[in-house]
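A.B. asks: build the 3D model from these lines:
(one chain, ligands or ions: 2)
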Amino acid sequence: MPIEVAIHGAGGRMGQRLIALGTAAPNIKIVAAIESAMNPKARTDAGVLAGVGEIGVPLSPEWPDRAGAVIDFSLPAATDNLVANCLEHKTPLVFATTGLSDKQEELIRTASEQIPIVKAASMSMAVNLTMKLTEIASRALKDHPSGADVEIIERHHRFKEDAPSGTALAFGKIVADAMGQSQSQHGRSGKTGARPHDEIGYHAIRTGDNPGEHTIIFGLLGETIELRVAATNRDCYAHGAFAAAEWLQGKPPGLYNMQDVLGLNSL
Ligand SMILES: NC(=O)C1=CN([C@@H]2O[C@H](COP(=O)(O)OP(=O)(O)OC[C@H]3O[C@@H](n4cnc5c(N)ncnc54)[C@H](OP(=O)(O)O)[C@@H]3O)[C@@H](O)[C@H]2O)C=CC1
Ligand SMILES: O=C(O)C1=N[C@H](C(=O)O)C[C@H](O)C1
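C.D. replies: Ligands and ions are numbered 1, 2, ... in the order given. Okay, the predicted model is just below:
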């Protein structure tokens, strides 16, 4: 039986790819395309909007009678209502929106005591594997005699609303947990003086239609390591989100991540 999936943020860039790929996937049935009531595309057929022809599911603010999972790629402003609905309907949640406040992070943690949630700043397999490589590099370089300066560069499309990206912050947390840096530096300008060793530098580039690219630099004295992962389109995030929805079926309440879904924790 295919998993009945509701897409939250269905009219957006990610939402439309999820509708298109979900419609073609034999293990997925799109049962709802949730959008805000204010959206000018409300009531348009989600398949028509996504370019795959009519699927009989209109963009709508209404919650479906039942769904095996909700996949959310929307905006932080929509998070509180989304979580309230998932709790009310006891629906497993795949949560992909970035740029949350601390209070919203806590809201999701609390909700996961009642429903199973996969939350990840990136649903991409390649990004999550690069996170594992970053963890290994960070542990190996922690006590390097020359010291290792870590800088994270991310590039995204001009429409992105949050910076640095959720993924860049997740990479930074992995590094800091392993190496112990306690400061963050967001860009640099002016007479900055020598670089302190105890910081991670973040640099957010916004150009054109870039679907997401991250480079983690470990700068030593005499040599440099760079780990780079780049999407060429958004399908990697959509495929990861569907894998997460499938993985969530029958799971007990809890807060899970893509490392759990992809089985990378044991590497
Ligand atoms: N974890 C991951 O792998 C990835 C995460 N993301 C994140 O996903 C989010 C969405 O990205 P993207 O698709 O590019 O953004 P878009 O702005 O294209 O899409 C967001 C959609 O959410 C809709 N929305 C706003 N309010 C509500 C509401 N109350 N209920 C339902 N839908 C609502 C918006 O509608 P309207 O236009 O009317 O406001 C819009 O259609 C971002 O936070 C991004 O960082 C993106 C890619 C990968
Ligand atoms: O907004 C995007 O596009 C993306 N956002 C996510 C993030 O903030 O990390 C994931 C991906 O890089 C694309």
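A.B. asks: where does the chain have low pLDDT?
C.D. replies: Of all residues in the chain, none has pLDDT under 70.
A.B. asks: where exactly do the strands run in it?
C.D. replies: For the chain, strands defined by DSSP state E occupy the ranges 3-8, 28-34, 59-60, 69-72, 93-95, 116-119, 149-156, 183-186, 199-206, 213-219, 224-230, 254-256.
A.B. asks: OK, contacts around the residue in the stretch 1-150 of the chain that ligand 1 sits nearest to?
C.D. replies: At 2.0 Å from ligand 1, residue 12 is the closest residue in the stretch 1-150 of the chain, using Cβ to the nearest ligand atom. For glycine as for every other residue, the C-beta is placed from the backbone atoms N, C-alpha and C. Contacts for residue 12 (Cβ atoms under 8 Å, 6 or more residues apart in numbering) come out as 73, 74.
A.B. asks: now it: phi and psi?
C.D. replies: phi -80, psi -180 (degrees, to the nearest 10).
A.B. asks: quick check: domain ranges of the chain?
C.D. replies: Listed domain ranges for the chain are 3-123+234-262, 125-230 (source: automatic domain parsing).
A.B. asks: deepest in the core, which of these is it.
C.D. replies: Across the domains of the chain, averaging neighbours per residue (mean count of other Cβ atoms under 10 Å) puts domain 3-123+234-262 on top, at a mean of 19.
A.B. asks: contact residues of this protein facing ligand 2?
C.D. replies: 98, 121, 122, 156, 160, 165, 166, 167, 212 (Cβ under 6 Å from any ligand atom).
A.B. asks: identify the residue nearest residue 114 in space, chain neighbours excluded?
C.D. replies: residue 253 (5.4 Å; Cβ to Cβ, 6 or more residues apart in numbering).
A.B. asks: from ligand 2, how far off is the one you found?
C.D. replies: Look at residue 253 and ligand 2: by Cβ to the nearest ligand atom, to the nearest Å, they are 25 Å apart.
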